[in-house]
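1. Structure for the following, please:
(2 chains)
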Amino acid sequence: MKIVVCIKQVPDTNEVRLDPKTGTLIRDGVPSIINPDDKAGLEAALRLKDAYGAHVTVVTMGPPQAKIALQEAYAMGADRVILLTDRVFAGADTLATSTTIAAAIKKLDYDLVITGRQAIDGDTAQVGPQIAEHLGLPQISYVSDFENHGDYAVVKRVFEDGFQKIKVGYPCLITTLSEMNEARYMNIRGILDANRVLEIETWQFSDIDADIEEMGLKGSPTKVKKSFTKGAKQAGKVLEGTPKELAVAIVDKLHEKFII
Amino acid sequence: MRFELTNEDLMMRELFRKFTQNEVEPIAAEIDDEEKFPEETVKKMANLGMLGIPFPREYGGAGGTYWQYINLVEELAVACATTSVVVSAHTSLCASPIYEFGTKEQKKKYLVPLASGEKLGAFGLTEPNAGTDAAGQQTTAVKEGDHYILNGSKIFITNAGYADTYIVMAMTDRSAGLKGISAFIVESDFEGFSVGKKESKMGIRGSSTCELIFEDCKVPAENLLGAEGKGFKIAMMTLDGGRIGIAAQALGIAQGAYNETVKYVKERKQFGRSIAAFQNTQFQIADMKTKLEAARFLVYYAAYMKQNKQPYSQAAAMAKLYASEAAMEITTKAVQLHGGYGYTREYPVERMMRDAKITEIYEGTSEVQRMVISATELK
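-> Numbers count the residues shown, from 1 in each chain, chains lettered A, B, ... in the order given. From the prediction side, this is the model:
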């Protein structure tokens, strides 16, 4: 079994503060981490490696500093790591990003592609599904459980109010939720090898088959019109009483606010 | 001069901190309260390769640096001094002398399982009448055919009862004094070996501290470490290294107490403002932080000297003396700044103050460190 896991290096939003004047994120001195949903995807792949001897390749697109995320993935147990980095890739929206990553994955052997559901710095949840489209793969998003049955997998897909159990053949793409598992620690030998032995494969635009017009800023139709900080919601009010009383109270409130 | 950690070091520290935060800190108070040896944590550390960081891979180790091992001891002690001394005694006092003085066969047989974490190690030098005066050893080893027969007892042995492999000092020639002491590798299931009374202690209460008893204990002759009569030298050199571990433990305890205090003084309000707003608090924090960093530099310097195979005996003694006294002072100040709450078991600084005391005593008291330091100066 060959697995490709896509990860993204993101600022640790637990450590990010807002500039009170400008309302923008202060990213200076904020540690970078592997995006939590992606880390769960990596852990899922490593568990398949433990159980079935799967080969795990980890791919990330980013600036040269993103190699630290790949070193961490290697120290956790990944077999091969690839950094997609090129000036041509810079400024990419989700479409250009997925086009680039899919072009890289086309050069690899795979039965299963795993991406995180969404990144904590962008929250779009688009890149995984788009990669599946580019590769023509069946895709299952919001995965919280994955069972391998040899020729096919049984996957649990979770929503706010329920879940689906889906049977899917290989090759396929899943997007994973951080709640799916608890990612393992890096191990000591892994850290040492990641720094002393590992040569991170660096792929540039010339290493993939893609149209330069579809890369980076050029290939990004998304235009950001304005970004702003979401206003804080007022605290809710809890009403008590019989259903009838409550219904009356709610309707009164809605009238009062001119909602109905 | 470079005050910089490598990417490898930073990744290690990140792992140690995460591990401490998730696996060690949540049970630290319970381990102390119930005098419970952290067996599960030791297993987890073994699986991650934390029990043989500085040893080469051919002997089951990770092939890391001495600083990385020392940093693990430090980071564990930030939350739990008990867990930290388990690692330090295992690595510095048992695996290290086998690595330094063992034959190839001894390393294969004993170092590989120790460094890979499959087995746990301990070290036995102290006896009821031979503490700082180690020459007063009463445990004897008499050669009979292809075995030595050990008789006597050891006290205050860290990891006793949980360790599989013990480095034990015994007199092979009483007339030769210090030069009559030899070192042996003893397995816990050797005939005639048993673990005696367990101590109930002020601090590091989860660590197992027991008596070792040898009653006609049969140790194969090939388990002699080094040569006959070299035991005292081996013990002293082993303790030189061990001191860096204890210094790192003291540093971690001090760091833990300092972190708790900074958090507390910002939250605690008296006279209408946080106590961090009072100059007394600010000056105390400044003094604590300064001592802490001074200790850190001494500890890291000693680790650096050992890593680079330079003489480190004095550096290790200075690191241990300073860091342990700093730990005692910083934890005492931490309790004081916490006021009445600091004296209760609701806050960890009370435990940290109790834990700090032992670092001034074991693996050479502060007085012994002063002897070692001045001996180099006044020779």
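
2. Over to B:Y362: give its phi and psi.
-> Here is the backbone geometry of B:Y362 (degrees, to the nearest 10): phi -80, psi 160.

3. Next, find the distance separating it from A:L239.
-> 64 Å (C-beta to C-beta, to the nearest Å). Bear in mind the C-beta positions are built from the backbone N, C-alpha and C, glycine included.

4. Please, where are all the strands along the chain?
-> Let's take chain A. Taking DSSP state E, the strands of chain A run over residues A:2-6, A:9-11, A:17-18, A:25-26, A:32-34, A:55-61, A:80-84, A:112-116, A:139-148, A:152-159, A:162-169, A:172-176, A:201-203.

5. oops, I was thinking of chain B
-> B:121-124, B:140-144, B:147-158, B:165-171, B:181-187, B:193-198, B:209-220, B:224-225, B:269-270, B:273-274.

6. about what we covered before: who wins for proximity to chain B among the strands of chain A?
-> Closest of the strands of chain A to chain B is strand A:32-34, at 9.7 Å (criterion: C-beta to the nearest C-beta).

7. now residue 52, nearest residue through space, not along the chain?
-> Assuming you mean chain A. A:M1 (5.6 Å; C-beta to C-beta, 6 or more residues apart in numbering or on different chains).

8. wrong one, chain B
-> B:A115 (2.9 Å).

9. Surely that neighbour and B:G61 touch.
-> Yes - in this structure, B:A115 is within contact of B:G61 by C-beta atoms under 8 Å, at 4.0 Å.

10. which residues do those two both contact?
-> Common contacts of B:A115 and B:G61, defined by C-beta atoms under 8 Å, 6 or more residues apart in numbering or on different chains, comprise B:52, B:55.

11. Comparing those two, which shows the higher neighbour count?
-> B:A115 (30 against 26; other C-beta atoms under 10 Å in any protein chain shown).

12. Report the contact partners of the more buried one.
-> Contacts of B:A115 by C-beta under 8 Å, 6+ apart are B:51-52, B:55, B:59-62, B:95, B:99.

13. any chance of those residues in a markdown table, plus distance to B:M237 and pLDDT?
-> Output for the contacts of B:A115, formatted as a markdown table (distance: C-beta to C-beta, whole Å; pLDDT from 0 to 100):
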| residue | distance to B:M237 | pLDDT |
| --- | --- | --- |
| B:L51 | 21 | 98 |
| B:G52 | 19 | 98 |
| B:F55 | 16 | 98 |
| B:Y59 | 18 | 97 |
| B:G60 | 22 | 97 |
| B:G61 | 19 | 98 |
| B:A62 | 23 | 98 |
| B:A95 | 14 | 98 |
| B:Y99 | 12 | 98 |
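
14. Show me those that map onto helices.
-> B:Y99 (DSSP state H).

15. nearest to A:Q65, of the contacts of B:A115?
-> Using C-beta to C-beta, B:A62 comes nearest to A:Q65 of the contacts of B:A115, at 25.8 Å.

16. Need the winner for burial among the strands of chain B.
-> Across those, averaging neighbours per residue (mean count of other C-beta atoms under 10 Å in any protein chain shown) puts strand B:121-124 on top, at a mean of 29.

17. Okay, now the sheet partners of it, with direction.
-> According to DSSP bridges, strand B:121-124 forms sheet pairs with strand B:165-171 (parallel).

18. show me the contacts for the residue in the stretch 51-200 of chain A that chain B sits nearest to.
-> Closest residue of the stretch 51-200 of chain A to chain B, C-beta to the nearest C-beta: A:I188 (3.5 Å). Neighbour list for A:I188: B:12, B:15, B:48-50, B:53, B:62, B:64, B:68 [criterion: C-beta under 8 Å, 6+ apart].

19. Assess the claim that A:Q130 and A:S98 are in contact.
-> Yes - counting by C-beta under 8 Å, A:Q130 touches A:S98, with 3.4 Å between them.

20. which of the two has more neighbours?
-> A:S98 (24 against 20).

21. pLDDT at the more buried one, what is it?
-> Note on A:S98: pLDDT of 97.

22. for A:K21, same thing?
-> pLDDT, read off for A:K21, is 73.

23. What about it, how many residues nearby?
-> A:K21 has 6 nearby residues by other C-beta under 10 Å.

24. cool, B:A375 as well?
-> B:A375 has 12 nearby residues by other C-beta under 10 Å.

25. try A:L137
-> Counted with other C-beta under 10 Å, A:L137 comes out at 20.

26. wouldn't it be in contact with A:P171 here?
-> Yes - using C-beta under 8 Å, A:L137 is in contact with A:P171, at 5.8 Å.

27. Mutual contacts of the two, please.
-> With C-beta under 8 Å, 6+ apart, A:L137 and A:P171 have common neighbours A:V113.

28. Could you list which residues are in contact with the residue of the stretch 251-379 of chain B found nearest chain A?
-> Of all residues in the stretch 251-379 of chain B, the one sitting closest to chain A is B:Q307 (14.3 Å; C-beta to the nearest C-beta). Going by C-beta under 8 Å, 6+ apart, B:Q307 touches B:65-67.

29. Columns pLDDT, neighbour count and distance to A:P31 on top of the residues you listed, output as CSV?
-> Converted to CSV, these look like this (pLDDT from 0 to 100; neighbours: other C-beta atoms under 10 Å in any protein chain shown; distance: C-beta to C-beta, whole Å):
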residue, pLDDT, neighbour count, distance to A:P31
B:T65, 97, 21, 22
B:Y66, 97, 23, 26
B:W67, 98, 25, 21
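
30. Can you tell me which of those residues comes closest to B:K269?
-> B:W67 (40.6 Å).

31. Contacts only, for that closest one.
-> B:9, B:300, B:303-304, B:307.

32. ok, and the most crowded of the residues you listed?
-> B:A303 (29 neighbours).

33. what residue of chain B is the furthest out?
-> Taking C-alpha atoms, centre = their mean, the residue of chain B most remote from its mean C-alpha position is B:G272, at 43.7 Å.

34. Return the distance of that residue relative to B:A250.
-> On the measure of C-beta to C-beta, B:G272 and B:A250 end up 37 Å apart.

35. B:T359 now?
-> 4 Å.

36. and if you look at A:A66?
-> 38 Å.

37. more neighbours, those two?
-> Set side by side, A:A66 and B:A250 show more neighbours around B:A250, with 34 against 20, by other C-beta under 10 Å.

38. I'd say the more buried one and B:I330 touch.
-> No - here B:A250 does not reach B:I330: they are 9.4 Å apart, not a contact under C-beta under 8 Å.

39. list the contacts for the residue nearest to A:Y52?
-> Applying C-beta under 8 Å, 6+ apart to A:M1 gives the contacts A:48, A:52-55, A:111-112, A:148, A:170.

40. again, only using 7 Å
-> A:48, A:52, A:54, A:111-112 (C-beta atoms under 7 Å, 6 or more residues apart in numbering or on different chains).

41. Please identify which of B:Y362 and A:L239 sits among more neighbours.
-> Per other C-beta under 10 Å, whichever of B:Y362 and A:L239 has more neighbours is B:Y362, with 22 against 10.

42. Quick check: nearest residue in space to that one, chain neighbours excluded?
-> B:I246 is the one closest to B:Y362 (C-beta to C-beta, 6+ apart), at 6.7 Å.

43. How about A:T176?
-> In space, A:T176 is closest to A:G41, 3.9 Å off (C-beta to C-beta, 6+ apart).

44. and if you look at B:A135?
-> Of all residues not flanking B:A135 in the chain, B:L178 sits nearest, at 5.0 Å (C-beta to C-beta, 6+ apart).
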